[in-house]
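Novice: this one's structure only:
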């Protein structure tokens, strides 16, 4: 992730994202869709922190995504009309849940790890679904809206200005991406790569593997719940579907589609997935079949993802 | 009160029997092929819909007999065409593939048979209560528990007494050696997949008679099956059976005292098992 090549890639990514609302309409999109791309990309990148860089498959990230969303929605609806406070609490809730569940599951590996993450992912779905009086049950939390940012010298309206909100999300997205990149470049991040490549060897070298996996899981989930808070703010709404395992699967397919082994891969995957889903679901009721087919085709013919493919071509 | 508890206990046992039937199929496939079959719930729904479609022609009993075999046949075809290609690759890919299949199955069921619940009629003499004081004890419920017990007994007979079953068990422990000894592993995995799907199809027909039949019937049963496998123990089929019954009874009892925690209780149990005994109640050592 070093060197001039990566630096120019990063600059290109920032440039594309900064101008996205202006050309999005020419590819059939709109500003909110651009914001959704960023939100989903952040979730998929946070998952890929675990999937691509630690080599551990979590199929239950929607739980933390949804917890973040419920956190921000409840704060604004019930406690204090403040967007930043809501985001902070949402991330804290998701992170704490990840700490507890992470401690329970790090002893498992491979398929079993995946299965336990799937199963645990559903706990929060059922809580949100059943606890009507607080979470609104199946209907979700409505009648709350994202609040203006009070910066002291000026107020930034987020609600009626889709474009302002886009740049607000972009700012958070870039900060989060930078944090993840820095963590991956640190000695800790390098150790995660070592565990991914050869866990036994890493253990013999005296690396506390369980502790590192736990920390990686918690970091990944923290960023995922950050994405979840932005998702709720974007829609001014959150419902149990954000916590459902279908959502977790979508995150995984975004990461795979873009390319798990590259930092920006999930962003590419999320962009393709979100735009395609928007396109399909506005045209047919049977979008589930198309999404399912999409999964099957990617797995069979495109397992390395877009960026993995490009990289392979250029190295030949 | 005691009748209410008894009712929910029995209900939990029935639901647990479903979980177990489904989880046993999942477990078979997972143990031998390392594939988490997310489409298992989809196969369950298809089994039920196949039975529903056949019923006007062959009656309830004929459908109950034929539908699981047809579902298993479908499973064998899908394993052969799609899932086989992913053996030996990162489990991520088979998980994603079966996840996509689950979406397709649900949507196709909705497209063909409609999103609404369809009536699934079981023979009249099975729906009557068996006793006046225990109104919930209908013939169908008892019949279901008996049938699940027979199916499970047959499964364990196949696994322990037949050549195919012994090969499956041996393959679960060491597939490479089994292959070296001249067993065609491709065929073995194929048949094993079919066996697992057969159980899903059977569970589907039985569940439809109790819960009614709609396209999402499978998705609501698959998560508890995962929990059953983890609670019961990784790699252990008796464990899976125990896990299924246990979480079924536990959520049945929770319904009496704290209805909104009906689902949550099984996840609490899973958390406790992972905390105290990560390999599960009857899990083999060294399978983690």
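Specialist: Received the coordinates, thanks. What you see is a predicted model, and the numbers here were worked out from it, not measured in a lab. Numbering: from 1, shown residues only, chains lettered A, B, ... in the order given.

Novice: is it true that residue A:81 touches residue A:147?
Specialist: Yes. Using CB atoms under 8 Å, residue A:81 makes contact with residue A:147 at a distance of 4.8 Å. (Glycine included, C-beta is placed from N, CA and C.)

Novice: and the two? which has more neighbours close in?
Specialist: In terms of neighbours (other CB atoms under 10 Å in any protein chain shown), residue A:147 is the more surrounded of residue A:81 and residue A:147; the figures are 19 against 14.

Novice: angles on the backbone of the more buried one, please.
Specialist: Recorded main-chain torsions at residue A:147 are phi -100, psi 160, according to degrees, to the nearest 10.

Novice: ranges for the helices of chain B?
Specialist: For chain B, the helices identified by DSSP state H occupy B:2-33, B:40-81, B:91-113, B:124-127, B:139-161, B:163-173, B:175-180, B:185-211, B:219-232, B:237-257, B:264-276, in order along the chain.

Novice: how about residues contacting the last one?
Specialist: What it means is helix B:264-276. Counting by CB atoms under 8 Å, 6 or more residues apart in numbering or on different chains, helix B:264-276 makes contact with A:101, A:104-105, A:107-108, A:116, A:119-120, A:122-123, A:126-127, A:130, B:224, B:227, B:230-231, B:246-247, B:250-251, B:254, B:280-281, all of which sit outside it.

Novice: what comes up buried for it?
Specialist: Using 16 or more other CB atoms under 10 Å in any protein chain shown as the burial criterion, the residues of helix B:264-276 that qualify are B:264, B:265, B:266, B:267, B:269, B:270, B:271, B:273, B:274.

Novice: swap in the third one?
Specialist: Using 16+ other CB under 10 Å as the burial criterion, the residues of helix B:91-113 that qualify are B:91-110, B:113.

Novice: centroid-nearest residue for chain A?
Specialist: Ranked by distance to the mean C-alpha position of chain A (CA atoms, centre = their mean), the top residue is residue A:43 at 0.4 Å.

Novice: ok, it - contacts?
Specialist: When the contact criterion is CB under 8 Å, 6+ apart, the partners of residue A:43 are A:61, A:65, A:224, A:227, A:228, A:231, A:251, A:254, A:270.

Novice: could the helices of chain B go into TSV alongside mean pLDDT?
Specialist: Compiled in TSV, these are given as follows (pLDDT from 0 to 100):
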stretch	mean pLDDT
helix B:2-33	89
helix B:40-81	94
helix B:91-113	92
helix B:124-127	73
helix B:139-161	91
helix B:163-173	91
helix B:175-180	90
helix B:185-211	92
helix B:219-232	89
helix B:237-257	91
helix B:264-276	88
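
Novice: tell me the most buried of the ones you listed?
Specialist: Highest mean neighbour count among the helices of chain B (mean count of other CB atoms under 10 Å in any protein chain shown): helix B:219-232, with a mean of 27.

Novice: tilt between it and helix B:91-113?
Specialist: Using axes from the mean of the first three to the mean of the last three CA atoms, to 10 degrees, the interaxial angle of helix B:219-232 with respect to helix B:91-113 works out to 150 degrees.

Novice: is chain A contacted by helix B:219-232?
Specialist: Yes. If you take CB under 8 Å from any CB of the partner chain as the test, helix B:219-232 does meet chain A, through B:223, B:226, B:227, B:229, B:230.

Novice: I'd assumed residue A:146 was in a helix, is it?
Specialist: No. With the criterion set as DSSP: H, G, I helix; E, B strand; the rest coil, the secondary structure at residue A:146 is coil rather than a helix.

Novice: give me the pLDDT value at the residue lying closest to it once chain neighbours are set aside.
Specialist: In this structure, residue A:146 finds its nearest non-sequential neighbour in residue A:233, 4.4 Å apart by CB to CB, 6 or more residues apart in numbering or on different chains. pLDDT, the model's per-residue confidence, is 94 for residue A:233.

Novice: likewise for residue B:184?
Specialist: Residue B:184 is assigned a pLDDT of 91 by the prediction.

Novice: and it, how many neighbours?
Specialist: 12.

Novice: measure it to chain A for me?
Specialist: Distance of residue B:184 to chain A, computed by CB to the nearest CB, to the nearest Å: 24 Å.

Novice: wait, what's in contact with the single nearest residue of the stretch 1-150 of chain B relative to chain A?
Specialist: Of all residues in the stretch 1-150 of chain B, residue B:100 sits closest to chain A, at 2.7 Å by CB to the nearest CB. By CB under 8 Å, 6+ apart, the contact set of residue B:100 is A:291, A:292, A:293, A:294, A:295, A:296, A:299.

Novice: up against chain B, what does the stretch 201-316 of chain A have?
Specialist: A:245-246, A:249, A:252-253, A:256, A:286, A:288-289, A:291-296, A:298-300, A:303.

Novice: flag every residue of the stretch 51-200 of chain A that's near chain B.
Specialist: Within reach of chain B by CB under 8 Å from any CB, the stretch 51-200 of chain A has these residues: A:51, A:57, A:59, A:101, A:104-105, A:107-112, A:114-116, A:118-120, A:122-123, A:126-127, A:130-131.

Novice: buried subset of those residues as a PyMOL selection?
Specialist: Below is the selection syntax for PyMOL that covers the buried ones among those, with 16+ other CB under 10 Å defining burial:
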select buried, chain A and resi 51+57+59+101+104+105+107+108+111+112+114+115+116+118+119+120+122+123+126+127+130
